[in-house]
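S.K.: need a 3D model of the sequence below.
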Amino acid sequence: MKRLLLICFLIFGLSSSVSAISLIGSGISGAACNTVINQTTQDDSMSLGSDPNGYNQWGAQVFTSDGIYTAKTFYVMLAVNRTGDMAGQTVTASLCTTSAGHATETCTNADETLDATTLTTTPTAYKFNIAAGYSLTAADFAVRLYQSKGDYGDYVLFYYYGTGSKNMDYDDTPPDSWTTKDSTATAYIVVKDCVE
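M.R.: Below you'll find the model as predicted:
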């Protein structure tokens, strides 16, 4: 009888341990999604691709990371000035290192481009993913946009906050000739450490 009780106790104890291990394991597999940068104030914009000769198709906003993160999703605020249908136009977004307060050519493009025909005239946050991850440290970085083409009537508006200490730049041949639209600004940027 004692032997039977001992066997039952061991089986029950082992079963409980296995259940506990399973629960812990399932908790680990569901990693949390954290917002690591969240600057959502905006009151101004710069235009991309607003020249019929294809100039000013690039824009970059400098932002500060306050720690070490892996960026997998980021959001920027965009709208469109549209007189035509913007057929065939796309927007490419990248995260870049900076030098002397401006974006460099060391960038990682988002996994997808944005079809410019989906943009609206109302400022809206648009999502871009880098599934492989982009490493941020406690330093300045830039979010860079490229509009594939444009003209005076059809162009993308890249929103930011007009109070701060960072550069909002645009040009047709970055990064060697960035033109600074605003040197006292703050980027609109939301960064998450998961793919949404």
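S.K.: which of the three states applies to the spatially closest residue to residue 45 that is not a sequence neighbour?
M.R.: Spatial nearest neighbour of residue 45, excluding adjacent residues (CB to CB, 6 or more residues apart in numbering): residue 157 at 4.1 Å. C-beta here means a position set from N, CA and C on the backbone, and glycine is covered the same way. With DSSP: H, G, I helix; E, B strand; the rest coil as the basis, residue 157 sits in strand.
S.K.: number of nearby residues for residue 109?
M.R.: Neighbourhood size, residue 109 [other CB atoms under 10 Å]: 15.
S.K.: correct me if wrong: residue 161 contacts residue 43.
M.R.: Yes: with contact defined as CB atoms under 8 Å, residue 161 reaches residue 43; the gap is 5.9 Å.
S.K.: buried residues in stretch 83-95, which are they?
M.R.: 86, 89, 91-95 (16 or more other CB atoms under 10 Å).
S.K.: of those residues, which is the nearest to residue 103?
M.R.: Nearest to residue 103 among the buried residues of stretch 83-95: residue 94, at 8.4 Å, using CB to CB.
S.K.: what residues does the host helix or strand of residue 91 touch?
M.R.: Using DSSP states H and E, residue 91 falls within strand 90-99. For strand 90-99, the surrounding residues in contact (CB atoms under 8 Å, 6 or more residues apart in numbering) are 48, 60, 62, 71, 74, 76, 78, 103-110, 113-116, 119, 128, 130, 134, 139-148, 156.
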